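[1] Show me how the following folds:
(2 chains)
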There are 2 protein chains.
Amino acid sequence: MSENAETVTAAMLVIGDEILSGRTQDTNFAYIAKFLGALGIDLCEGRIVPDVENEIVAAVNALRGRYTYVFTSGGIGPTHDDITADSIAKAFGVGISHHPEAMAMLDARYKPGEFNEMRQRMARIPHTASLIRNSVSTAPGFQIGNVFVMAGVPMVFQAMLEDVAPRLKRGAQVVSATISARVAEGRIAAALARIQTAHRTVAIGSYPFYREDGFGVQLVVRGRDPEAVETVARALEAAVRAEGAEPQRL
Amino acid sequence: MSENAETVTAAMLVIGDEILSGRTQDTNFAYIAKFLGALGIDLCEGRIVPDVENEIVAAVNALRGRYTYVFTSGGIGPTHDDITADSIAKAFGVGISHHPEAMAMLDARYKPGEFNEMRQRMARIPHTASLIRNSVSTAPGFQIGNVFVMAGVPMVFQAMLEDVAPRLKRGAQVVSATISARVAEGRIAAALARIQTAHRTVAIGSYPFYREDGFGVQLVVRGRDPEAVETVARALEAAVRAEGAEPQRL
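    Numbering: from 1, shown residues only, chains lettered A, B, ... in the order given. Okay, the predicted model is just below:
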């Protein structure tokens, strides 16, 4: 952990009717959460909006002023319901047109005559934006200001993040310790509260579980000072033992 | 579809550090999306916020003025990081205290002497709220105004929705048809756009897939008029056949 590391924050905006209808279980949010975590970037907020221009514009503008970075998924394909690029251009108040480099990349991918007008929509990029490449689908995402616009298909989204990562400022990495215990959450809650109050530089999360073989709780300590995390993890283990259970480090 | 059915809208607010850290893959959002869909209620927006009072208050207040209903998950357990009930009370500007009925329910669940102070936190309910019962954990959620506050553990969340359903106004149900086709999205995109323009009462979504055995697209038609949905589904099937592929109804 470098001493001059600043806090780097992010929000994720999931765009798509298919998420709001329940047709598709989003997995990009959990993926980017871990991805950013490994870079020391705090994912602070998520939003899910439909394929509706006003909603996309409002969400992007609310988020981009508030966090270091905003990441979006969805709505950058060739079909009529892919309106993310135009919405982002509107949010930034810039024009949008066919990006020469994106046109060349996509043209090279298709057989002669197959790069039709609808496919060319995938090369529509807001002015001043830079491309985000991906090895899976060729069709690019783009970065404009602090906003990174990516595909919704998970393997394309993930490939795009590889191109994005080198562009991001990194923060001090968060380390965590997880302790599983076969003890009721309500029995150790008072100890958790005391330990949390005594150690303000870490966050203690408590997550009960109910499984066929019994119930218990997972205690998660997160923080940027590994020593503090370890100190608190040991205090939690002691609290579990005080209730007659054996803690397990995961 | 009744003719006087009004549009009923909803937003879902997922509360919890564990979702933002990527530790937990949220599944409540997709679950409630389908659940509300079956009641004819449109899920219009989602937000994900951390266990931070200001964030919860701001999100609840932004959403409850805008949609018929707001549903929340997470943060109603016994531990120090469970701050949802207090945050909701603040959002509504009401007091909060131990609810006699919730106290009685929980007291009956525990052995004598085990219903300790931290567990009693689960009976803290904002004034004017009504309880949401669940058969899984006993600990109640609550409804205040148009906001329904529920647990994060999926099986408890789902059980609470059963108690909530009878309280909800229902809208005209959305019907959908899904067509799978082994055709590139970009080849039928122009036809999709034409069909969408000609049928404004339905929404056509286009979702490409890439699998080991090949690629294709799933076309989803959604709307409240079953005849219109069927008409458009047939037009889409014709568009797929025009590209030399055989559509498949899912």
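[2] Show me the helices in chain A, by range?
    Using DSSP state H, the helices of chain A run over residues A:17-20, A:28-38, A:53-64, A:84-92, A:100-109, A:117-120, A:154-164, A:185-198, A:226-242.
[3] what sits against the residue sitting nearest the centre point of chain A?
    Taking CA atoms, centre = their mean, the centroid of chain A lies closest to A:Ile32, which sits 3.3 Å from it. The neighbours of A:Ile32, taking CB atoms under 8 Å, 6 or more residues apart in numbering or on different chains as the test, are A:12, A:43, A:71, A:157, A:161, B:22. All C-beta atoms are positioned from the backbone trio N, CA, C, and that covers glycine.
[4] switch the cut-off to 10 Å
    By CB atoms under 10 Å, 6 or more residues apart in numbering or on different chains, the residues touching A:Ile32 are A:10, A:12, A:14, A:41, A:43, A:46, A:71, A:73, A:148, A:150, A:157-158, A:161, A:164, B:22.
[5] do you know which of the helices of chain A lies nearest B:His80?
    helix A:185-198 (4.0 Å; CB to CB).
[6] anything in the helix or strand of chain A with the lowest mean pLDDT sitting right up against chain B?
    Across the helices and strands of chain A, mean pLDDT, DSSP states H and E gives its lowest value to strand A:202-211, namely a mean of 91. Yes. With CB under 10 Å from any CB of the partner chain as the criterion, chain B is reached by strand A:202-211 at A:203-210.
[7] repeat for stretch A:121-129
    Yes. Applying CB under 10 Å from any CB, one finds stretch A:121-129 in contact with chain B at A:121-122.
[8] how long is that stretch end to end?
    Terminal residues of stretch A:121-129 are spaced 16 Å apart (CA to CA, to the nearest Å).
[9] Buried residues of that stretch, list them for me.
    Under the neighbour-count criterion of 16 or more other CB atoms under 10 Å in any protein chain shown, stretch A:121-129 has A:121-126, A:129 buried.
[10] same thing with stretch A:82-102?
    Across stretch A:82-102, burial judged by 16+ other CB under 10 Å covers A:82-92, A:96, A:99, A:102.
[11] Intersect the residues you listed with the contacts of chain B.
    Answer for the buried residues of stretch A:82-102 near chain B (CB under 10 Å from any CB): A:Asp82.
[12] The residue nearest to A:Gly214 when sequence neighbours are not counted: what's it in contact with?
    Closest residue to A:Gly214 apart from its sequence neighbours, by CB to CB, 6 or more residues apart in numbering or on different chains: A:Arg182 at 6.2 Å. Contacts for A:Arg182 (CB under 10 Å, 6+ apart) come out as A:209, A:213-217, A:240, A:243-248.
[13] Nearest to B:Arg133 among the residues you listed?
    Nearest member of the contacts of A:Arg182 to B:Arg133, counting by CB to CB, is A:Phe215, at 19.7 Å.
[14] tell me the domain ranges of chain A?
    A:8-167, A:175-249 (automatic domain parsing).
[15] so which of those domains is the most packed in?
    Comparing the domains of chain A by mean neighbour count (mean count of other CB atoms under 10 Å in any protein chain shown), domain A:8-167 comes out on top with a mean of 20.
[16] Report the mean per-residue pLDDT for that domain.
    The average pLDDT within domain A:8-167 is 97.
[17] Just list whatever residues bridge to the closest residue to A:Cys44 other than its chain neighbours.
    Nearest residue to A:Cys44, sequence neighbours excluded (CB to CB, 6+ apart): A:Thr9, at 5.0 Å. For A:Thr9, the beta-bridge partners are A:Asp42 (DSSP bridges).
[18] got it, and the one 5 residues further on?
    Counting by DSSP bridges, A:Val14 is bridged to A:Ile48, A:Ser73.
[19] does it really touch A:Ala30, like I thought?
    No. With contacts counted by CB atoms under 10 Å, A:Val14 stays clear of A:Ala30, the gap being 11.1 Å.
[20] contact partners of stretch A:34-41?
    By CB under 10 Å, 6+ apart, the list of residues contacting stretch A:34-41 reads A:1-2, A:5-10, A:12, A:28, A:32-33, A:42-43, A:67-69, A:71, A:158, A:161-162, A:164-165, A:168-174, A:176, A:222, A:224, B:20-23.
[21] Now with 7 Å, please.
    A:5, A:8, A:10, A:43, A:161, A:165, A:168, A:170-174, B:21-22 (CB atoms under 7 Å, 6 or more residues apart in numbering or on different chains).
[22] Those in strands, which ones?
    A:8, A:10, A:43 (DSSP state E).
[23] What about chain B: which of those touch it?
    Restricting these to those near chain B by CB under 7 Å from any CB of the partner chain leaves A:Leu43.
[24] Show me which of the ones in strands among the contacts of stretch A:34-41 is closest to A:Glu55.
    A:Ala10 (20.0 Å).
[25] For that closest one, give me its contacts.
    Contacts of A:Ala10 (CB under 7 Å, 6+ apart): A:36, A:41-44, A:67-69, A:71.
[26] got a list of what the closest residue to it other than its chain neighbours touches?
    Among residues not flanking A:Ala10 along the chain, A:Tyr69 sits closest, at 4.4 Å (CB to CB, 6+ apart). Residues near A:Tyr69 by CB under 7 Å, 6+ apart: A:10, A:146, A:148, A:168.
[27] Is there any residue in stretch A:219-237 that contacts chain B?
    Yes. Judged by CB under 7 Å from any CB, stretch A:219-237 and chain B are in contact via A:220, A:222.
[28] Need the residues that contact that stretch.
    Against stretch A:219-237 from outside (CB under 7 Å, 6+ apart): A:1, A:172, A:174-179, A:181, A:195, A:199, A:201-207, A:247, B:21, B:23.
[29] now with 6 Å?
    With contacts defined as CB atoms under 6 Å, 6 or more residues apart in numbering or on different chains, stretch A:219-237 is touched by A:1, A:172, A:174-179, A:195, A:199, A:201-206, A:247.
[30] got the contact list for the residue nearest to A:Asn61 when sequence neighbours are not counted?
    The shortest distance from A:Asn61 to any non-neighbouring residue, by CB to CB, 6+ apart, is to A:Ala91 (5.2 Å). By CB under 6 Å, 6+ apart, the residues touching A:Ala91 are A:57, A:60-61.
[31] which among these gets closest to A:Phe142?
    A:Val60 (12.9 Å).
[32] Return the distance of the closest one relative to chain B.
    Using CB to the nearest CB, to the nearest Å, A:Val60 is found at 14 Å from chain B.
[33] roughly how far apart are that residue and A:Val149?
    Per CB to CB, to the nearest Å, A:Val60 is found 9 Å from A:Val149.
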